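S.K.: Kindly generate the corresponding structure for this input.
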Amino acid sequence: MNEILLTVVTWIHLFSTVVWIGGILFILFVALPVAKKTLEQPGKLMGAISKRFVPMANISILLIFITGIFMSLLSHSFSELGSLNSLWTQTLFAKILTALVMAGIHFYRGLVLTPKIEMLTAEGSPSGKIKELQRLSLNLVKTNFILSTVVLLLAGMLSVY
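M.R.: The predicted structure follows:
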């Protein structure tokens, strides 16, 4: 029974990861370049895409952490968790820490940066300040993409340990 539960939990974990990281990849390498190249106001399209994607990303992040806990508890390697000398445990902690940083960046962008950009835009603030915050937001998305490749590498390492 544990194997079936672990399989389902792992599937949810992987599916949620695909949604989150796949969304980041799509936004950075498909939607944003096309919007910049073809639209007069690419920010409107990206805002609409973001409003649609962010709730899916939020749910995915929550599921990733919940299923990650279950996977650790159900895994045969869980017994090694108490030993920080174990390569499996060190890799797991590195993966968790990297994923937490990614989640922090995601929620900072969504809860702090995006509302600030929207407020400044509504107030008619100088476009230089808005562009600076938009650049920061984009750089944070790029950072999350790089971190996501690290998480995937660490996941691969965990699967062979």
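
S.K.: and residue 33, helix, strand or coil?
M.R.: Three-state assignment for residue 33 (DSSP: H, G, I helix; E, B strand; the rest coil): helix.

S.K.: Look up the pLDDT of it for me, please.
M.R.: Listed pLDDT for residue 33 reads 96.

S.K.: Quick check: the gap between it and residue 106.
M.R.: According to CB to CB, to the nearest Å, residue 33 and residue 106 sit 21 Å apart. In this view, the C-beta of every residue, glycine as well, is placed from N, C-alpha and C.

S.K.: ok, the nearest residue to residue 145 once chain neighbours are set aside - contacts?
M.R.: Leaving aside its sequence neighbours, residue 145 sits nearest to residue 24 (CB to CB, 6 or more residues apart in numbering; 5.0 Å). By CB atoms under 8 Å, 6 or more residues apart in numbering, the residues touching residue 24 are 141, 144, 145, 148.

S.K.: Run a quick neighbour tally on residue 40.
M.R.: The local packing of residue 40 (other CB atoms under 10 Å) involves 5 other residues.
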